[in-house]
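Enquirer: got a predicted model here, sequence first, then my questions.
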Amino acid sequence: MAKLWAFGDSFTEGFNYNQHWCKEYLDWKGYIPKGYAEILSETLQLELMNFGKCAWDNYSIFESFCRVVKEIKKEDLVIFGWTNPIRFRLTDSNGDWHYFVPSVMPDTIHAEYMNKDSIQQIISNRHNSKYSEEVNLWINLIEHTLKDNIVIHWTPFDSNINAIVLNGFETIRNETNAVLKDVHYSEKGQLQLSNTLLTLYNRIKKKDII
């Protein structure tokens, strides 16, 4: 059975109670909605291999791909949901990765092993377009490595990454009339995203130009 490989951050991971950010939303809904990767895999009858993870930066997204690239077959569909280049990671005092998401999670800008000023300097530095160019080089490598596959690169963030910017979908904040402030895509937003990606997939499959 062919597979759908999905790489990304929380927008790709989907909804579950193990994620701190969506627990209130799931309680508000009363059930667990499906994310775009689940919807697409069911629609296209592909086995889902979802490597999306909340708060991940592009380094972690690319690493997750590198770890499984040998398992991807030419009949598989591969989707990358790239995140904001301002995100980064540093090892903590235990040698584990500590993830920094300053644009949406300001509480992550502290670190027990590095002073706040140093972290702020890194954040300021990461506004440079070189960090988007870095991701674009990874995308070139991915496209070359998976030249026999359909590969879709998208991002919800307006950046200089060579990926299709997909936003404007319904958010949790929209759905709940701001009862919940979360700007992640809602159940409807995830469905809208999956429909857009499905359209892109069909156009690529038919050799149309995006």
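Expert: Here it is on my side, so go on. Predicted model, so just to flag it, every value in this text is computed and none were measured.
Enquirer: number of residues surrounding the nearest residue to residue 53 once chain neighbours are set aside?
Expert: Leaving aside its chain neighbours, residue 53 sits nearest to residue 13 (5.6 Å; criterion: CB to CB, 6 or more residues apart in numbering). Heads up, the C-betas are built off the backbone N, CA and C, glycines and all. A count of neighbours around residue 13, defined by other CB atoms under 10 Å, yields 23.
Enquirer: model confidence for the closest residue to residue 32 other than its chain neighbours, exactly?
Expert: The shortest distance from residue 32 to any residue other than its chain neighbours is 5.3 Å, reached at residue 15 (CB to CB, 6+ apart). Per-residue pLDDT puts residue 15 at 95.
Enquirer: residue 15 is in contact with residue 24, isn't it?
Expert: No. With contact defined as CB atoms under 8 Å, residue 15 does not reach residue 24; the gap is 11.6 Å.
Enquirer: more crowded one of those two?
Expert: Legend: neighbour count by other CB under 10 Å for residue 15 and residue 24, higher for residue 15 (24 against 15).
Enquirer: part of a helix, is the more buried one?
Expert: No. According to DSSP: H, G, I helix; E, B strand; the rest coil, residue 15 belongs to no helix; its state is coil.
Enquirer: pretty sure residue 9 is touching residue 53, no?
Expert: Yes. Using CB under 8 Å, residue 9 makes contact with residue 53 at a distance of 6.7 Å.
Enquirer: those two: which is more packed in?
Expert: Neighbour totals were compared for residue 9 and residue 53, and residue 9 leads with 26 against 17 (other CB under 10 Å).
Enquirer: which phi and psi does that one have?
Expert: Note on residue 9: backbone dihedrals following degrees, to the nearest 10 are phi -110, psi -150.
Enquirer: quick revisit: mind listing what the residue nearest to residue 32 touches?
Expert: With contact set as CB atoms under 8 Å, 6 or more residues apart in numbering, residue 15 has these partners: 22, 25-26, 32-35.
Enquirer: quick check on those residues: which are buried?
Expert: For the contacts of residue 15, a burial check counting by 16 or more other CB atoms under 10 Å picks out 22, 25, 33-35.
Enquirer: of those residues, which is the nearest to residue 94?
Expert: residue 22 (26.6 Å; CB to CB).
Enquirer: so who does that closest one touch?
Expert: Going by CB under 8 Å, 6+ apart, the list of residues near residue 22 reads 10, 15-16, 172, 182, 184.
Enquirer: switch the cut-off to 10 Å
Expert: 10, 13-16, 28-29, 32-33, 54, 172, 180, 182, 184 (CB atoms under 10 Å, 6 or more residues apart in numbering).
Enquirer: any idea how far it lies from residue 142?
Expert: From residue 22 over to residue 142 the distance is 28 Å, taken as CB to CB, to the nearest Å.
Enquirer: for the longest helix anywhere in the chain, which helices and strands make contact with it?
Expert: When the chain is scanned for its longest helix (criterion: DSSP state H), the result is helix 187-205. Helices and strands touching helix 187-205, by 3 or more CB pairs under 10 Å, 6 or more residues apart in numbering; DSSP states H and E, are helix 10-13, helix 36-44, strand 77-81, strand 150-155, strand 164-165, helix 172-175.
Enquirer: turn those into JSON lines, including distance to residue 91.
Expert: Output for those, formatted as JSON lines (distance: least, CB to CB, whole Å):
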{"stretch": "helix 10-13", "distance to residue 91": "22"}
{"stretch": "helix 36-44", "distance to residue 91": "29"}
{"stretch": "strand 77-81", "distance to residue 91": "24"}
{"stretch": "strand 150-155", "distance to residue 91": "26"}
{"stretch": "strand 164-165", "distance to residue 91": "31"}
{"stretch": "helix 172-175", "distance to residue 91": "32"}
